[in-house]
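> pasting the structure only:
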């Protein structure tokens, strides 16, 4: 067992109080490493390092910044297997999914490297007053608090557009999955990122996270997590007039019309719900199927669910790994108990802890389908983070859209149909930040990503993300 250090000022650093917390494998319960329990003093040191590094980094050309990221992407790809194994050990996901996430991080680096030379302001003729120019300036020190479900990818979404824009950064990863984040930060330093430009402070949200938000030198906070915590982040940031981006999860509906390609839709529902053990913000969390095809669709979906192999993510035969932590497991057990006690739904398959050796140590849960769910069920109202999918039958597209929109969330949604008019109707009327047609879950770094309603505000990815980290200055010139 190795004790891992935080990354402050580009160097490994222990916690000022010399306290550590354990990072364990969710499949086995085994201790992987110990990581410093960051304090308010550690956050202050990290922010101080970012402040000191800001002027130097902001004055470098965007092209130079892009070269650093391109170099880092190459190192990440070379070390993909090592990084994927580490991610699987701390998060639980199968190796294939971990590789995909590591490649996604490299893709984000490469994408913003390509945008690095395209950052520019505008020239505006103003006949009465002469000329006007706009320039885009970095904000200063930015920060992010990220979750455990997709730690590498979400790290990329937050730090790369900020850094390529000339800002410096402090990252607070989840206490469940800090190891991959720390390793990726060290790779960026190896690739040439100057000291202090990127700092990683590990520790609990109530100390390290809150002190990071409150720090007066931090100009922007980006947060991904549950809505209740996001509201707290917004409240704290408001007192300092800080910019905020909130990605607060969702309860994504999947609408399957009677003319959809059933094989593709079934495969989409399987991947969309059970990828990463259902622990994805944009996972399919509510399935609405036209009555005329429901019986056939559910039969095919049930067969697919029963064929999913649950196990340790390091086992090549595993299709779905464990839940990441005990809290998630107890939450799912509670939902199943409520369904059975209140007779509010029929469990088609799953709903239990699998009966195999490792289940006593790991947080394993069977992939689960539930039908006959009442409209006020928690399965349809809450963000269910785990491998449990409620199936609801509807008469037509109007009813499907009405039910889909009956949610406090609005992150993503998908509609499956061969009819362009139906697809257009779904895209126009579904209340979500991203709409997929005949696909679900995939989010490329080239496209803006974010939600509406209680799924948050602000956008990550694509050129839009750069504007979240830049300030527009107008210059009026009269000769």
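Looks like it arrived, so ask away. Just so it is clear, the model here is predicted, and its values are computed rather than measured.
> in this structure, which ranges drop under the pLDDT threshold?
1-4, 15-18, 357-360 (pLDDT under 70).
> tell me the domain ranges of it?
2-248+453-477, 252-437 (automatic domain parsing).
> Just the element for the most centrally placed residue in the chain, please.
Nearest residue to the geometric centre of the chain (CA atoms, centre = their mean): residue 154, 4.8 Å. Using DSSP states H and E, residue 154 sits in helix 151-164.
> residues in contact with whatever helix or strand comes next after that helix?
Later in the chain than helix 151-164, the nearest helix or strand by DSSP H and E is strand 168-172. Residues outside strand 168-172 that contact it (CB atoms under 8 Å, 6 or more residues apart in numbering) are 38, 43, 46-47, 50-51, 53-54, 57, 140-146, 155, 158-159, 162-163, 181, 185, 196-203, 205, 208-209, 212, 218. All C-beta spots, glycine's among them, are computed from the backbone N, C-alpha and C.
> what does stretch 60-70 give?
By CB under 8 Å, 6+ apart, stretch 60-70 touches 57, 109-110, 112-117, 119, 160, 163-166, 188, 191-193.
> Pull out the buried residues from these.
Among those, those buried by neighbour count (16 or more other CB atoms under 10 Å) are 57, 109-110, 112-113, 115-116, 119, 160, 163-166, 188, 191, 193.
> mind listing the helices in the stretch 201-350 of the chain by residue range?
Using DSSP state H, counting those that start in this stretch, the helices of the stretch 201-350 of the chain run over 210-214, 227-238, 262-274, 291-306, 326-342.
> right, and these - which one's nearest residue 314?
Nearest of those to residue 314, taken as CB to CB: helix 262-274 at 18.3 Å.
> So for the closest one, what gets flagged as buried?
Residues 262, 265, 266, 268, 269, 270, 271, 272, 273, 274 are the ones in helix 262-274 that count as buried (16+ other CB under 10 Å).
> Adding distance to residue 286 as columns, could you present the residues you listed in a markdown table?
Shown next, in a markdown table, are the buried residues of helix 262-274 (distance: CB to CB, whole Å):
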| residue | distance to residue 286 |
| --- | --- |
| 262 | 19 |
| 265 | 14 |
| 266 | 16 |
| 268 | 14 |
| 269 | 11 |
| 270 | 15 |
| 271 | 16 |
| 272 | 11 |
| 273 | 10 |
| 274 | 15 |
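> Give me the buried positions along stretch 296-315.
297, 298, 300, 301, 302, 304, 305, 310, 311, 312, 313, 314.
> Please apply the same query to stretch 432-439.
Quick answer for stretch 432-439 (16+ other CB under 10 Å): 432, 433, 434, 435, 436.
> I'd assumed residue 369 was in a helix, is it?
No: applying DSSP: H, G, I helix; E, B strand; the rest coil, one finds residue 369 to be strand, outside a helix.
> From residue 339, how far off is it?
12 Å (CB to CB, to the nearest Å).
> so what's in contact with those two at the same time?
In contact with both residue 369 and residue 339: residue 347, using CB under 8 Å, 6+ apart.
> Tabulate the buried residues of stretch 432-439 (a markdown table), appending secondary structure and distance to residue 293.
Below are the buried residues of stretch 432-439 laid out as a markdown table (DSSP: H, G, I helix; E, B strand; the rest coil; distance: CB to CB, whole Å):
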| residue | secondary structure | distance to residue 293 |
| --- | --- | --- |
| 432 | coil | 23 |
| 433 | coil | 28 |
| 434 | strand | 25 |
| 435 | strand | 21 |
| 436 | strand | 19 |
